[in-house]
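Chemist: Need coordinates for the below:
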Amino acid sequence: MSGRGPGTVALGVVAVVVAAWLAVVEVLWLPLRVGGVLVPVSVVAAVAGNLLLVGAALRLSGSKVVAALPAVTWLVVVVAAVARRPEGDLLLVSGGALGLVSTAFLLLGVLAGALALGLALGTPARRISSAGPTGSGSGGA
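Modeler: This is a model prediction of the structure:
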């Protein structure tokens, strides 16, 4: 990241902050119920968020390192939520219906992050500037 300039570093910081915020919100949405029915909005948000953030980080920065930051940050926050807090609180539980939603959240979120990261690493990075994508657009050399 250091060779690409301060703009890339700033985009990396933004990617980490947004991914961390989204991961915390998703974890806190896990027990969401509407009319007593468990609503797995966290699972959908985890999949969509990981797919979109990794792709956006790659498009905006042109850096594959920056593209990896949202998925890695999401995973770190979620793994921290698996551990029991000193007060005894547990955010990701393993039993009952909430346990199923928590497991789906973790597995599908990791899968979406890995898929997005694999696509990002296998794609030639092109930074989008205010003038549009880099390159002449003529297809020639």
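
Chemist: Contact partners for the nearest residue to Val77 once chain neighbours are set aside?
Modeler: Nearest residue to Val77, sequence neighbours excluded (CB to CB, 6 or more residues apart in numbering): Ala23, at 3.7 Å. No exception for glycine: its C-beta is placed from N, CA and C like everyone else's. Ala23 makes contacts with Ala46, Gly49, Thr73, Trp74, Val77, Val78, as judged by CB atoms under 8 Å, 6 or more residues apart in numbering.

Chemist: distance of the fourth one from Ala19?
Modeler: Spatial separation of Trp74 from Ala19 under the definition CB to CB, to the nearest Å is 5 Å.

Chemist: and the residue nearest the centre of the chain, which of the three is it?
Modeler: Among the residues of the chain, the one closest to the centroid is Asn50, at 3.3 Å (CA atoms, centre = their mean). Under DSSP: H, G, I helix; E, B strand; the rest coil, Asn50 falls in the helix class.

Chemist: So Val17 belongs to a strand, correct?
Modeler: No. Counting by three-state DSSP, Val17 falls outside a strand, being helix.

Chemist: so how far is Leu100 from it?
Modeler: Where Leu100 is concerned, Val17 sits at a distance of 30 Å (CB to CB).

Chemist: same thing with Ala57?
Modeler: 31 Å.

Chemist: Which one's more surrounded, those two?
Modeler: Each of Ala57 and Leu100 has its neighbours counted (other CB atoms under 10 Å); Ala57 has more, 28 against 13.
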